[in-house]
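Novice: sequence and predicted structure below; questions after.
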Amino acid sequence: MLCEKIEGRLDEIEVSGKTIEYVDIEWHEAFKKIHRKKTDAGREIGIRLGDSILTRGLYEGDVLYKDDDLIIAVHTPACEIIKITIDPNHAFMVAKTCYEIGNRHAPLFYGEDAYSFITPYNEPMLQMLQKLHGVTAKKEIETLNFDKRISATVHHHQH
């Protein structure tokens, strides 16, 4: 089965009486145009999307296929993240923290308030952030919310 467009979102379409299968799309895969995956029911699918996916990405609940009986939707699994909190008494560290994360080409997401941020986990990043004065950085497991992304794109890329 080949899926070539996003048919809508699970919360926008009628799903009663239909089988819903989910395909896992990891955070670092969400901005790729071509995938070969299996749904949670074992169905093999191909995903071939247009260029718009390079900036939009695939979100939790995006519907990749629908007919009278079946819906195939995206599931974004939780992943290891670094939760960053900056002490409000050291507000100037917001710029330093965001600069250091961006300088490493890592995706950056807003946290709960103006002093918190999230970035995908890697050990060197965690160690660097933990050394910054007024900054608390902890490794946690959480689902990334692309609606809260700060980076223009969220490509997984390292030097």
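Specialist: Received the coordinates, thanks. As the structure is a prediction and not an experimental result, all values here were calculated from the model. Numbers count the residues shown, from 1 in each chain.

Novice: going along the chain, name the helices of the chain.
Specialist: 53-56, 93-103, 123-130 (DSSP state H).

Novice: what angle separates the second one from helix 123-130?
Specialist: Here helix 93-103 points in a direction 160 degrees away from that of helix 123-130 (axes from the mean of the first three to the mean of the last three CA atoms, to 10 degrees).

Novice: on that earlier part again, quick one: which of the helices of the chain is nearest K148?
Specialist: When the helices of the chain are compared by CB to CB, helix 93-103 sits nearest K148, at 13.8 Å. For every residue, glycine as well, the C-beta is placed using N, CA and C.

Novice: export that closest one to CSV, keeping only CA atoms.
Specialist: Provided in CSV are the C-alpha atoms of helix 93-103 (Å, rounded to 0.1, in the frame of the first residue of the first chain):
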residue,chain,number,x,y,z
MET,A,93,21.1,32.5,30.1
VAL,A,94,18.1,32.0,27.8
ALA,A,95,20.0,33.4,24.9
LYS,A,96,23.2,31.5,25.8
THR,A,97,21.3,28.2,26.1
CYS,A,98,19.4,28.6,22.8
TYR,A,99,22.6,29.7,21.0
GLU,A,100,24.6,26.6,22.3
ILE,A,101,21.8,24.3,21.2
GLY,A,102,21.4,26.0,17.8
ASN,A,103,25.2,26.0,17.3
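
Novice: what residues of that helix count as buried?
Specialist: M93, V94, T97, C98, E100, I101 (16 or more other CB atoms under 10 Å).

Novice: who's in contact with that helix?
Specialist: 84, 86-87, 108, 114-115, 117, 119, 125, 128-129, 132-135, 150-151 (CB atoms under 8 Å, 6 or more residues apart in numbering).
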